[in-house]
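Colleague: Any chance you could fold what I've pasted below:
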Amino acid sequence: MASETAVAAESLPAPSPNPWLRRLLVFGAPAAYLAALTIVTLSWGLPLARDQLFIWLVLGMAAFSVPAWRSWGGLLLEWLPFFALLVLYDRLRGAVAIDQPGQAHVDAQLAFDKFVGAGEVPTVWLQQRLWHPGQPRWYDYGAWAVYMTHFFAVWVTAAVIWRVAREKFRRYAATAVTLSLCAFATYWLFPAQPPWLTGESIKMHSVDRIVPEVWGRLGVGTAQSLYENRDFVNPVAAMPSLHAAFPLMLLLFFWSAGIWVRLVLGLYTLAMAFTLVYGGEHFVMDIVAGWLMAIAVPLVVTGISRSRRRTS
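Modeller: Numbering: from 1, shown residues only. A predicted model of the protein is given here:
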């Protein structure tokens, strides 16, 4: 009789968790995450370094998926390789920097840009008409804001995709990482000067780096990376422009999302291109090379994915 009672008790459904506790966790975890992120940002600066950004992204995804906490293991398994490959890209990019940046390639970019600009270098032409040294205009602050999105837009989008459309995450991550590694290969084979560096020579009229000057005036700090240092800096990693490639990658990835999404991402792509050229960060040729790579890489990734599905 006692054994029958025990069996019956085991067959009963487990008591459901306290609904108030569940609601507290569902709403409290994201609120605590946002509060902590705000405090850390105000105290130590924007978490733009790769490691800082990924730590906060993983914490954010965990905080916003408390009801599905069993998925946290999969979160780490999918994001750690993603992060490791991007850290590898950071290290390799710095490792292929050359000792004399002034000897990096620039003649092809100048010729292309003068052809596009009817004899004028677009960066020089724009700065002579729009830039006022020491007195930034409203559009200079806008250019700074657009430029800053490069550091987090692609990765925050990856976090959102992982959370709401996980079946698309691997293709998105593969595209972003492959694009980064292809850009590295080009930096290695074709070290190229940006306009601000060429402007220090006799080949082109001098230009300013607008984004760093506006950034300095705003006084916005950044959190210190746990592993990045000056060895990761490569001033001649300009061809192609990943700053230009990533917005177009986003546009193509979300092309099927509708006309308004295409319009917003299309304007974002053009705004980033203008910012890079006007700000002295990239030649027009760097932008075009980045766009071509952003078109080619998704085609290759999709082709490989389809080939694997056919053979499996």
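
Colleague: what's Thr222 sitting at in phi/psi?
Modeller: The phi and psi values for Thr222, taken as degrees, to the nearest 10, are phi -130, psi 150.

Colleague: close enough to count as contact, it and Leu48?
Modeller: Yes - judged on CB atoms under 8 Å, Thr222 makes contact with Leu48 at a distance of 5.0 Å. Backbone N, C-alpha and C define where each C-beta goes, glycine included.

Colleague: show me where pLDDT drops low in this structure?
Modeller: 1-18, 21-22, 69, 224-232, 312 (pLDDT under 70).

Colleague: next one: the helix or strand containing Gly303 to chain centre, how far?
Modeller: Assessed by DSSP states H and E, Gly303 sits inside helix 284-311. Mean-position distance between helix 284-311 and its chain equals 17 Å (CA atoms, centre = their mean, to the nearest Å).

Colleague: same check, this time on stretch 255-274
Modeller: Using CA atoms, centre = their mean, the offset of stretch 255-274 from its chain centre is 16 Å.

Colleague: CA atoms only for that stretch, dumped as PDB, please.
Modeller: Coordinates of each C-alpha in stretch 255-274 appear next as PDB, following Å, rounded to 0.1, in the frame of the first residue of the first chain:
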ATOM      1  CA  TRP A 255      16.800  42.300 -48.000                       C
ATOM      2  CA  SER A 256      13.700  40.100 -47.700                       C
ATOM      3  CA  ALA A 257      12.500  41.900 -44.700                       C
ATOM      4  CA  GLY A 258      10.700  44.500 -46.700                       C
ATOM      5  CA  ILE A 259      11.000  47.900 -48.400                       C
ATOM      6  CA  TRP A 260      11.300  50.000 -45.300                       C
ATOM      7  CA  VAL A 261      14.100  47.800 -43.900                       C
ATOM      8  CA  ARG A 262      15.900  48.100 -47.300                       C
ATOM      9  CA  LEU A 263      15.400  51.900 -47.300                       C
ATOM     10  CA  VAL A 264      16.800  52.300 -43.700                       C
ATOM     11  CA  LEU A 265      19.800  50.000 -44.300                       C
ATOM     12  CA  GLY A 266      20.400  51.500 -47.700                       C
ATOM     13  CA  LEU A 267      20.600  55.000 -46.300                       C
ATOM     14  CA  TYR A 268      22.800  53.700 -43.500                       C
ATOM     15  CA  THR A 269      25.200  52.200 -46.100                       C
ATOM     16  CA  LEU A 270      25.400  55.500 -47.900                       C
ATOM     17  CA  ALA A 271      25.800  57.500 -44.700                       C
ATOM     18  CA  MET A 272      28.700  55.300 -43.600                       C
ATOM     19  CA  ALA A 273      30.400  55.700 -47.000                       C
ATOM     20  CA  PHE A 274      30.000  59.500 -46.900                       C
END
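
Colleague: Give me the helices and strands touching the helix holding Gly303, please.
Modeller: The helices and strands touching helix 284-311, judged by 3 or more CB pairs under 8 Å, 6 or more residues apart in numbering; DSSP states H and E, are helix 107-116, helix 169-189, helix 242-253, helix 259-278.

Colleague: Which of those sits closest to Trp196?
Modeller: helix 259-278 (11.1 Å; CB to CB).

Colleague: got the buried residues for that closest one?
Modeller: Buried residues in helix 259-278, counting neighbours by 16 or more other CB atoms under 10 Å, are found at Leu265, Tyr268, Thr269, Ala271, Met272, Ala273, Phe274, Thr275, Leu276, Val277, Tyr278.
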